[in-house]
Each structure stands twice: as C-alpha cells, then as structure tokens.
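Enquirer: Here is my input; please provide its structure:
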Amino acid sequence: MGNRIFHKDSTTNDEEVVRLGSGAFGEIRLVTIPDEGRVASKALKGKTNNPWMESEATVQMAASHECIVKVFGLHKPRGMAEIAMEYMSGGNLHRLLLNKRKTLTFIQRHNMCYDVARGLEHLHNLPDGGCIIHNDIKPDNILLTQDLRCKIADFGCSKWYDEDGEFVDGCPKDLFCIAYAAPEKLHHHLFPFVDADNNVQQYHALIIEAVPASDLGLKDAYLPHESSDIYSFALLIYMLLYRRRPWSGSVGNFLAQVLRGERPETPKIYAKNSELKSAKTLLRLMLKCWKENIYKRPTSAEICLELQGLPSRL
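Expert: Got it, this is the predicted structure:
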C-alpha cells in the first residue's frame, strides 16, 4: 500500500479549542479543520515536528475498521503536524471503569470486550494478508461513543508487517506500557527501570527469579508477536471485570510478580443470574489470554468466536 496520508493546513482559534486530555507524550484537543469539521487532534509535546506522527497516522489509516478510531490525516494548525481523527464523545474506557458512580452490567462489559476483540482480529489479520501489532492495548487507549461502543486508538507504539513478515511502517522502537506489557516483552527489555528512590538494584535481582524464556515459548531472539496484544487484552478484561487496576504498589513489585509467572488476584465475582454467562465467559477468557507461553494464548479470531454467541447489546 502506498502512503495515504494527506496534509492539510488549518488554523484554529485558541478560544474554540477544547482540550480533551493529555499524557506523557502529548495532548488531544477538539478542533475544527476544513472539510472535516470538528475532530480530535493529537499533538506531541515539544516544538519540533516528529516523523513518528506520520508513521502512526499511516498505520492507523491502514487499520480502517468500525472498531478502530478513524484517522482523517495530518494537519498543521500550529505549524507542526497533528493527527486528525474522529471525535469519540464517550471518553476513554479507563476513566469510565474507575468511575464507580457509573453502573455497568456484565452484558455491557461483554459487548465492550467484543468490540475490542473485533478490532484486534482485524489488526492481526489484515485483508491484504499483513498484520498490525498494536503494542499498547490498555483501557486508556480504548475510546467510547456515547452508547458505549468501543474503538481502539493510539497507534504510537504499533508495528505494521506485510504478509511476508517484513516491516512496513510504525514505531521504529519497541515501546509499550509497562503495566500492561506481556512477560516476553519484559524478559526482552530488562533495562534498568528506576523508581522514585532511584532504586535500580532490585531489577537486576529479578533476572535470577524470572520464569525461563523457554517456558514463554521463546526459542531464539524475541520478535514482536500478536500474542503480546492478547496478554494486554487479558489485563483489559481484568479491569472490565473488577473495575480496578490489575497491579498495585511499585513498579518493582508488579514487575517481579509478572516475571515470576504470577498474575493479579482474582476475587469471586458476583453477578445476576441473567448476566452470569457473560461474567463467567469473560473470566475464563481472561485466564486463557494471560497464559505464560505465547503459543498457548488464543488468537484474536478465536476470542471473537468465543464472544460472538453471547447476549446481544443492551
């Protein structure tokens, strides 16, 4: 596929800009651009253009699907490239799940899970035979419509491969969120994380305690794999089920747990009889998806098959 990015110059009145959110690397604003109207605009922090922006937009446009946030292209409202994408008025899944005043049935949670699974199935099995590994599946990167339809967003860490496994485009580095990273990624990237006390020694000690790489299904050098998205998806299911973060405490503590083959605790789930099937299916699926060995986790296509026969959207 060729480069389908289009560039548009646009100007915005700062008084009309609504800031939707911000993160470690940038911010999302609601702006108006010619021809497209009101869109969400992603800008990286800093005062220089970043070539990764075009790669991110290219990959996300190639991933076009109803369960993936639509990208319109790049525009330059302030002289620097920003990604223009559809505005998702429901916010992100992380914020919704931690808002205990918002009630969610297990059937609604099942449907959200199914939306994300369908998006992943499309990414991992592109129509042209290629594959996109998202590399950053987490509730923060799942955006919602007003009626709680979920779409996958933020392709800043993603990698696009053709049907022969050759790299096409995407992030040139292997970036990911530590809290949702699969064990095989952490094994490969045992770079010295530094906590608030600048304590590095505990991370060196973890190498001795870690599960052997062979138990993870790693034979030789680590290569990005769709199964890493599936592990992250399991932790997303965890948040859907329990409405709390999968890990607590310091980075060192949960990193040690993951590398020792441990998983977040799974308290008993209480559900109405009419929702019991959905709750049990999500729990069973979560346990499958966070298996240690990458080849024992289900594929995104298998996950969709398991979810599609459950209750319809309410």
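Enquirer: Show me this protein divided up by domain.
Expert: 7-85, 93-308 (automatic domain parsing).
Enquirer: Hmm, Asp162 and Gly129 touching each other?
Expert: Yes. Between Gly129 and Asp162 there is a contact at 7.4 Å, judged by CB atoms under 8 Å. Heads up, the C-betas are built off the backbone N, CA and C, glycines and all.
Enquirer: neighbour-wise, which of these two wins?
Expert: Asp162 (15 against 10; other CB atoms under 10 Å).
Enquirer: Tell me the gap between stretch 127-139 and the middle of its chain.
Expert: How far stretch 127-139 lies from its chain's middle: 9 Å, per CA atoms, centre = their mean, to the nearest Å.
Enquirer: Repeat that for stretch 275-292.
Expert: Worked out by CA atoms, centre = their mean, stretch 275-292 lies 19 Å from the chain centre.
Enquirer: Identify all contacting residues around it.
Expert: 105-107, 109-110, 113, 183, 211, 215-216, 230-231, 233-235, 237-238, 240-241, 261, 263, 266, 269, 271, 297-298, 303, 306-307, 310-311 (CB atoms under 8 Å, 6 or more residues apart in numbering).
Enquirer: try 7 Å
Expert: 105-107, 109-110, 113, 183, 211, 215-216, 230-231, 233-234, 237-238, 240-241, 261, 263, 269, 271, 297-298, 303, 306, 310-311 (CB atoms under 7 Å, 6 or more residues apart in numbering).
Enquirer: what does stretch 236-254 give?
Expert: By CB under 7 Å, 6+ apart, stretch 236-254 touches 97-98, 109, 112-113, 116, 137-139, 178-179, 193, 195, 202-203, 235, 264, 269, 282-283, 285-286, 289.
Enquirer: What average pLDDT does it get?
Expert: For stretch 236-254, mean pLDDT rounds to 91.
Enquirer: repeat for stretch 91-107
Expert: Here the average pLDDT along stretch 91-107 is 95.
Enquirer: ok so, going back, if you average pLDDT over each of the domains of the chain, which is lowest?
Expert: domain 7-85 (a mean of 76).
Enquirer: quick one: buried residues of the helix or strand hosting Glu306?
Expert: In the assignment (DSSP states H and E), Glu306 maps to helix 300-308. In terms of neighbour count (16 or more other CB atoms under 10 Å), helix 300-308 has its buried residues at Ser300, Glu302, Ile303, Cys304, Glu306, Leu307.
Enquirer: Tabulate those (JSON lines), appending distance to Ala43.
Expert: Listed next are these as JSON lines, based on distance: CB to CB, whole Å:
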{"residue": "Ser300", "distance to Ala43": "30"}
{"residue": "Glu302", "distance to Ala43": "38"}
{"residue": "Ile303", "distance to Ala43": "33"}
{"residue": "Cys304", "distance to Ala43": "34"}
{"residue": "Glu306", "distance to Ala43": "39"}
{"residue": "Leu307", "distance to Ala43": "35"}
